[in-house]
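>>> Got a sequence here, can you build the structure:
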Amino acid sequence: MVDNPSITVTAVPRRTHSATLALLSFAVIVTAVVSMGLGHFSLSPAAVLDVLWSALSGEPSVQSPVVHNVVLAVRLPRVLAAMLVGTSLAAAGVAYQTLFRNPLASPAILGVSAGAGFGAALAMLLHGGALAMQGSAFAGGIIAVGAAMFIASRLGDGSALVLVLAGLVVSALFQALTSALKFVADPTDILPAIVFWLLGGLSRVSMGDLAWAAPFVLVGIIVLFLLRWPTQVLEAGDDEARTLGVPVSSLRVTLIAAATLMTAATVSISGVVGWIGLLVPHLARLIVGPAYIVLLPTSVLLGAGYLLLVDDLCRSAFSAELPLGIVTAILGAPVFVIVLVKTRRQWF
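Next comes the predicted model:
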């Protein structure tokens with residue numbers, strides 16, 4: 001494990017941080033409006049804003065019912081889902097990287113993605129509906145992380161290193177179980193559905209799905225925000241944090257629980273979308289530096305905007321929609337190599 005993040009940036013004044021967050025917030029809003037106009041049925045930002053204002057205020061709109069349906073029923077849920085998933089995975093990534101003091105940690109490090117994938121695949125194999133699949137995926141992610149924490153408590157003192165190793169074991173187990181389900185699944189209908197879900201995507205997300213996942217994400221972000229100061233202290237190391245009165249063990253459990261809830265909830269509606277929680281915190285560090293108290297809100301905004309842009313690329317680049325997980329991996333792999341090169345002296 002690495003004691004200190006390898007990417008450091010000179011601190012900038014707090015006023016600059018506030019301006020940066022305001023600028024990022026504005027950029028995310030603009031990106032969301034533009035995204036709702038993209039597609040085979042192209043719409044101008046003015047048309048999108050007119051529909052949204054009409055829906056919020058009840059005032060009449062000059063747009064046709066078809067335009068209202070496209071914006072409100074088709075594109076608005078997808079845009080909100082992209083923002084929710086990006087926000088959740090980025091925030092969880094910041095929490096994990098700070099918790100483990102490892103710049104290469106991600107939300108999947110404790111097996112939550114693998115567990116959620118197994119849960120969703122099991123529900124599909126048993127011909128469960130959409131709600132059963134989401135609930136099973138959520139439960140699978142929670143069970144996987146719980147198993148990792150249980151193993152870590154049995155193997156040692158619950159240190160970050162032992163916890164990561166336990167997560168790798170649990171993740172490998174659930175990936176193997178998912179492969180077994182794919183092996184026995186009906187190749188004509190069930191197997192393609194499992195593969196499609198595991199590749200990630202937002203094309204089937206509805207407002208009901210958002211209503212299911214949003215409370216978990218909101219609770220998780222609130223917890224991470226409220227614990228920002230002791231988490232900041234935790235970056236100095238466990239011994240230093242204990243000296244300053246931080247309850248390291250309970251803080252670690254709370255951070256893991258909050259990040260896991262967020263990740264499991266979003267994975268249950270979007271499928272497995274990797275690299276967001278790994279890359280976005282690094283992009284945020286390049287902007288505001290490594291301090292957790294400003295890194296968290298910056299990553300939240302960057303995650304929302306980044307996944308919006310990636311999803312726009314998935315549904316607009318070609319006539320057929322690209323799986324979201326594939327595109328995030330293609331974009332993320334080169335950045336991962338750059339991060340690995342920067343940290344090679346500490347790792348090798």
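>>> quick one: contacts for Arg242?
The contact partners of Arg242, by Cβ atoms under 8 Å, 6 or more residues apart in numbering, come to Val248. Backbone N, C-alpha and C define where each C-beta goes, glycine included.
>>> and it, what element?
helix 238-243 (DSSP states H and E).
>>> what comes up buried for the helix or strand just after that helix?
The helix or strand immediately downstream of helix 238-243 is helix 248-270, counting by DSSP H and E. In terms of neighbour count (16 or more other Cβ atoms under 10 Å), helix 248-270 has its buried residues at 248, 251-252, 254-270.
>>> Repeat that for stretch 235-244.
Quick answer for stretch 235-244 (16+ other Cβ under 10 Å): Glu235, Asp238, Ala241.
>>> of these, closest to Ile151?
Asp238 (19.7 Å; Cβ to Cβ).
>>> Please report how far that closest one lies from Asp311.
38 Å (Cβ to Cβ, to the nearest Å).
>>> circling back: with respect to pLDDT, which of the buried residues of stretch 235-244 ranks lowest?
Minimum pLDDT across the buried residues of stretch 235-244 is recorded for Asp238, with 74.
>>> Leaving out chain neighbours, which residue sits closest to that residue?
Once flanking residues are discounted, Asp238 sits nearest to Val248: 5.0 Å by Cβ to Cβ, 6 or more residues apart in numbering.
>>> Okay, the one you found and Thr231: tell me how far apart.
Val248 is 11 Å from Thr231, by Cβ to Cβ.
>>> and if you look at Val34?
34 Å.
>>> between those two, who's got more neighbours?
The neighbour count for Val34 versus Thr231, taken as other Cβ atoms under 10 Å, is higher for Thr231 (24 against 17).
>>> coming back round to it: distance to Gly39 added to the buried residues of stretch 235-244, as TSV?
As requested, the buried residues of stretch 235-244 are exported to TSV (distance: Cβ to Cβ, whole Å):
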residue	distance to Gly39
Glu235	43
Asp238	50
Ala241	49
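>>> which one of those residues is nearest Trp275?
Taking the buried residues of stretch 235-244 together and measuring to Trp275 by Cβ to Cβ, the closest member is Glu235, at 23.0 Å.
>>> OK, contacts around that closest one?
Applying Cβ under 8 Å, 6+ apart, the residues near Glu235 are Thr98, Arg101, Pro290, Tyr292.
>>> in the stretch 151-300 of the chain, what spans have low per-residue confidence?
Across the stretch 151-300 of the chain, the ranges flagged by pLDDT under 70 are 156-159.
>>> Just the helices from it, written as ranges.
160-184, 190-199, 207-226, 228-234, 238-243, 248-270, 276-288, 292-316 (DSSP state H, counting those that start in this stretch).
>>> Could you export the fifth one as CSV, CA atoms only?
This points to helix 238-243. Once non-C-alpha atoms are left out, helix 238-243 reads as follows in CSV (Å, rounded to 0.1, in the frame of the first residue of the first chain):
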residue,chain,number,x,y,z
ASP,A,238,-4.1,5.6,11.5
ASP,A,239,-1.7,6.4,14.3
GLU,A,240,-1.8,10.1,13.8
ALA,A,241,-5.6,10.1,13.5
ARG,A,242,-5.9,8.1,16.8
THR,A,243,-3.6,10.6,18.4
